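J.: I'd like to go over a predicted model; first the sequence, then the structure.
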Amino acid sequence: MKRALYVPSMKAVVVADLHIGIEYELSIKGANIPSQTGLMLERCKRICTEKDAEKMIILGDVKHMISPAKNVQEHEIAIRKESEELKFFLEEMKSIVELIVIRGNHDGGLKSCKDVKIYGSRGFLSGKIGMAHGHAWPSEEVMKAELLVMGHIHPAIRLRDAFGYGISKSCWVRAHLKKEMLQNRYENANEDVEIIIMPAFNPLCGGMAVNTEGIMGPMKKLIDLEDASVYLLDGTNMGKISNLQL
């Protein structure tokens, strides 16, 4: 499973939360980390080649930096570097696959790019599969899906060993929705839609421990998190979140 999803019916590799440029925000805070864009590009290319994919779909937050209300010199330099790396990544990927991006909450300054299809934050529906970032309510059309894939949360699971030491591991979450609350929000949604929450593709992003912190975004009101299942990146089924409370 790792950090990418392949959808055979779409011949598409799906990833979420690349946060290209996060290294430059970290550098402003004093942590000097080499750029990870080249490594992520290699991983994306390898996955697309292995799967013989025709498309790659990025479920939001392809970039990271959000301009402050009053730009300072460090932020301006960071944003410029991020822009250069983002352009390089998109140009390289669209040379081998059709590239589709859904805007995330970090993508406000994302500019239109030739031959890159960019959807709004409410996502899109392809056949029976819906795609969204997760920081905004998916559209009515998207909620007709049988399967909804989203990002935004950077899910992780918080574990503790026999000595009491804690560790967090990135994970996948599979869940269903609370039907009564779903009906209150959407008129024609599929009540049996299955939700997949993807881990952040960029490991520098960290994660939100779903068994201790819950989830964020508007969908937290609808997702039945207690009954949701957790899978580690190697595919290990950790069971229900309700059984993983610390």
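T.: That came through, no problem. Numbering: from 1, shown residues only.

J.: Pull out the buried residues from the lengthiest strand in the chain.
T.: If you go by DSSP state E, the chain has its longest strand at strand 166-175. By neighbour count with 16 or more other C-beta atoms under 10 Å, strand 166-175 contains the buried residues Lys169, Ser170, Cys171, Trp172, Val173, Ala175. The C-beta positions use only the backbone N, C-alpha and C, and glycine is treated the same way.

J.: what's the answer for stretch 204-217, then?
T.: In stretch 204-217, counting by 16+ other C-beta under 10 Å, buried: Cys205, Gly207, Met208, Ala209, Val210, Asn211, Ile215, Gly217.

J.: Closest one of those residues to Lys240?
T.: Using C-beta to C-beta, Asn211 comes nearest to Lys240 of the buried residues of stretch 204-217, at 9.7 Å.

J.: what about this structure, any weak spots by pLDDT?
T.: By pLDDT under 70, the weakly predicted segments of the chain are 1, 67-71.

J.: Tell me where it has helices.
T.: 22-28, 37-50, 73-94, 179-185 (DSSP state H).

J.: and of the ones you listed, who's closest to Leu233?
T.: Judging the helices of the chain by C-beta to C-beta, what sits closest to Leu233 is helix 37-50, at 12.9 Å.

J.: Can you list the buried residues in that closest one?
T.: Thr37, Met40, Leu41, Arg43, Cys44, Lys45, Ile47, Cys48.

J.: go on, stretch 227-234?
T.: In stretch 227-234, residues buried by neighbour count (16+ other C-beta under 10 Å) are Ala228, Val230, Tyr231, Leu232.

J.: Take the residues you listed and write them to CSV, including distance to Lys144.
T.: Output for these, formatted as CSV (distance: C-beta to C-beta, whole Å):
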residue, distance to Lys144
Ala228, 21
Val230, 27
Tyr231, 26
Leu232, 31
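
J.: Show the end-to-end separation of stretch 156-176, please.
T.: One end of stretch 156-176 sits 18 Å from the other (C-alpha to C-alpha, to the nearest Å).

J.: Could you shift the numbering so residue one becomes 747, and keep it that way?
T.: Shifting the count to begin at 747 puts that one at stretch 902-922.
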